[in-house]
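1. Please work out how this folds:
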Amino acid sequence: MTENSRHQLDITRELDNGLDSELVRYYTWFHIHPELSYHEVGTTARIRKILESKNVEILDTGLNTGLIAVIRGEESGPVIALRGDIDGLPIQEQTGLEYASQNAGVMHACGHDFNLSVALGAAILLNAHRDIISGTIKVIFQPAEEGRATKDQPTGGVQVIETGVLDDVQAFFGTHDGSRASRFDPLARGKHHWRC
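-> Sure thing, here's the model as predicted:
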């Protein structure tokens, strides 16, 4: 938050104003359409489409899958990063959910659908309130978190680091919550006020 501003970002009000239901729709879509590590092409395209529809800047990183969005505050300040992973696991979903995976043998069984929905929500919310942000926030949609590294194909985290886009990051925050694998839990959002 800028020195002269008394504006607070009320996350609960933002969620109640429709962002909550929007995020549930995104979460549901991602749960229905999981993709394995190194193959998150549809997932990346969907994330890009959502961010572009909200006028969130996307960095050109050269990543094959996954992407990095950036929110530039109106005043200078630190550069921080937020991370959500995006890949599914090679598991046949047998939950019986109305929104169960439609990709045979692939499931978001580790909560990455939740994690990337949280990252999307953060990017959308922060971008809409750039005027109260001092600094820059990079939102990483990390591919291949579950991937097995080889000599020729590093994990998604290493791929993101190798782009150089994180070189100026001073603090890094992420989500990793496997307990939300089968349903979106509104209680996870909390009822807190958050000050930038």
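2. If you count neighbours, what's buried in the lengthiest strand in the chain?
-> Of all segments of type strand in the chain, defined using DSSP state E, the longest is strand 75-85. Buried residues in strand 75-85, counted by 16 or more other CB atoms under 10 Å: 75, 77, 79-85. Every C-beta, even on glycine, is put in place using the N, C-alpha and C of the backbone.
3. can you give me phi and psi for Gln92?
-> Main-chain dihedrals, Gln92, degrees, to the nearest 10: phi -80, psi 120.
4. Tally up the residues packed near the closest residue to it other than its chain neighbours, please.
-> Spatial nearest neighbour of Gln92, chain neighbours left out: Gly105 (5.4 Å); criterion: CB to CB, 6 or more residues apart in numbering. Using other CB atoms under 10 Å, the number of residues around Gly105 comes to 13.
5. same deal with Glu52?
-> 12.
6. now do Gly96
-> 7.
7. A helix includes it, no?
-> No: with DSSP: H, G, I helix; E, B strand; the rest coil as the criterion, Gly96 is located in coil rather than a helix.
8. What values do phi and psi take at it?
-> Here Gly96 shows phi and psi, under degrees, to the nearest 10, equal to phi 80, psi 10.
9. show me what contacts the residue nearest the centre of the chain?
-> Nearest residue to the geometric centre of the chain (CA atoms, centre = their mean): Ala119, 2.6 Å. Shown in contact with Ala119 (CB atoms under 8 Å, 6 or more residues apart in numbering): 82-84, 139-141, 175.
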